[in-house]
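*Asks:* Quick check, what structure comes out for this input:
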Amino acid sequence: MKLFVGLGNPGAKYARNRHNIGFMAVDRIAEDHGFAPWRAKFQGQLSEGRLGRERVVLLKPETFMNLSGQSVGEAMRFFKLEPGDVTVFHDELDLAPGKLRLKQGGGHAGHNGLRSIHGHIGPDYARVRLGIGHPGHKDRVAHFVLTDFAKADADWLDDLMRGISDGAVHLAEGDGAKFSNAVALRTTPGKAAAKPPPAPRAPEPAPARQDTRSPLQKLVDKFR
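*Replies:* As a prediction, this is how the structure comes out:
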């Protein structure tokens with residue numbers, strides 16, 4: 001069994017915030033892969049289903065971002081999982097909008113949701129880092145992440161969600177490379193454009209045969 005956690009803040013007020021991109025990711029997986037309806041459990045919203053051979057539980061903590069670890073820890077203990085069975089989808093300021101990277105273990109880099117999860121289950125879980133870009137100065141970060149995505153973000157955001165859904169089975173089965181490739185096929189510009197094959201080269205004319213006859217033989221042949 002795997003536990004996929006999307007990070008965000010509960011309520012309609014925050015639904016389209018950049019900070020809620022983790023919620024958006026697990027919502028898309030649930031919708032596209034026929035998971036059970038969401039229900040309240042473990043201080044969050046829970047949905048269960050299958051991705052390939054794996055049983056997967058999706059969790060959206062409703063404790064607000066700073067206390068996400070309470071919900072994650074409760075779910076992990078209930079299902080008797082190890083930190084390595086947990087994958088957290090979260091917003092990442094240090095990646096350009098639409099970029100995605102996988103990471104196993106490591107620090108929380110100041111992300112309050114990850115900081116809380118570290119405190120409850122330790123650092124040895126997997127992360128899907130979802131790029132939202134950086135506002136340019138640390139003093140603007142709090143406002144930036146709690147602001148809705150702009151209309152101009154709609155296309156890349158949809159491509160990213162589609163890619164996550166396309167690759168979800170690979171992620172559940174532990175194949176990070178295939179998961180990342182599925183996302184790249186959706187998010188890389190020109191991904192569907194194939195280069196036309198080169199035009200066939202015209203055959204080179206055969207070299208002219210050299211006339212090796214003597215002058216006398218040429219004269220004789222001329223009057224034959």
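
*Asks:* Output the below-cut-off pLDDT ranges for the chain.
*Replies:* 189-224 (pLDDT under 70).

*Asks:* Go again with 90.
*Replies:* Scanning the chain for pLDDT under 90 picks out the ranges 109-110, 188-224.

*Asks:* Tell me the helix or strand right after the biggest helix by length in the chain.
*Replies:* Using DSSP state H to define each element, the chain has its longest helix at helix 154-172. Sequence-wise, the next helix or strand downstream of helix 154-172 (DSSP states H and E) is helix 176-187.

*Asks:* for that next one, packing partners?
*Replies:* With contacts taken as 3 or more CB pairs under 8 Å, 6 or more residues apart in numbering; DSSP states H and E, helix 176-187 sits against strand 100-104, helix 154-172. All C-beta spots, glycine's among them, are computed from the backbone N, C-alpha and C.

*Asks:* Spatially nearest residue to Arg28 (excluding sequence neighbours)?
*Replies:* Spatially, and ignoring its direct neighbours in sequence, Arg28 is nearest to Met161 (4.4 Å; CB to CB, 6 or more residues apart in numbering).

*Asks:* and the gap between the one you found and Ser71?
*Replies:* Computed as CB to CB, to the nearest Å, the Met161 to Ser71 distance reads 22 Å.

*Asks:* Residues touching the longest helix of the chain, excluding its own?
*Replies:* Here helix 154-172 makes contact (CB atoms under 8 Å, 6 or more residues apart in numbering) with 2, 4, 21, 24-25, 28-29, 32-33, 51-52, 54, 56, 87, 89, 97-98, 100, 128, 130, 149, 176, 178-187.

*Asks:* what's the answer for stretch 100-113, then?
*Replies:* Applying CB under 8 Å, 6+ apart, the contact partners of stretch 100-113 are 7, 22, 65-66, 68, 88, 90-92, 94-95, 114-115, 117-118, 123-131, 160, 163-164, 176, 179-180, 183, 187.

*Asks:* Show the buried residues in these.
*Replies:* 7, 22, 65, 68, 88, 90-92, 95, 114-115, 117-118, 125-131, 160, 163-164, 176, 179-180, 183, 187 (16 or more other CB atoms under 10 Å).

*Asks:* Quick check: which element contains Leu130?
*Replies:* Per DSSP H and E: Leu130 is located in strand 126-131.

*Asks:* Give the pairing partners of that strand; include direction for each.
*Replies:* strand 86-92 (parallel), strand 100-104 (antiparallel) (DSSP bridges).

*Asks:* Just the CA atoms of the longest one, as CSV, please.
*Replies:* Extracted C-alpha coordinates of strand 86-92, given in CSV (Å, rounded to 0.1, in the frame of the first residue of the first chain):
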residue,chain,number,x,y,z
VAL,A,86,4.6,8.0,1.8
THR,A,87,4.8,10.4,-1.2
VAL,A,88,4.0,14.1,-0.6
PHE,A,89,3.0,16.4,-3.4
HIS,A,90,3.9,20.0,-2.6
ASP,A,91,4.5,23.5,-4.1
GLU,A,92,8.2,24.3,-4.8
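
*Asks:* With that, I have no additional questions.
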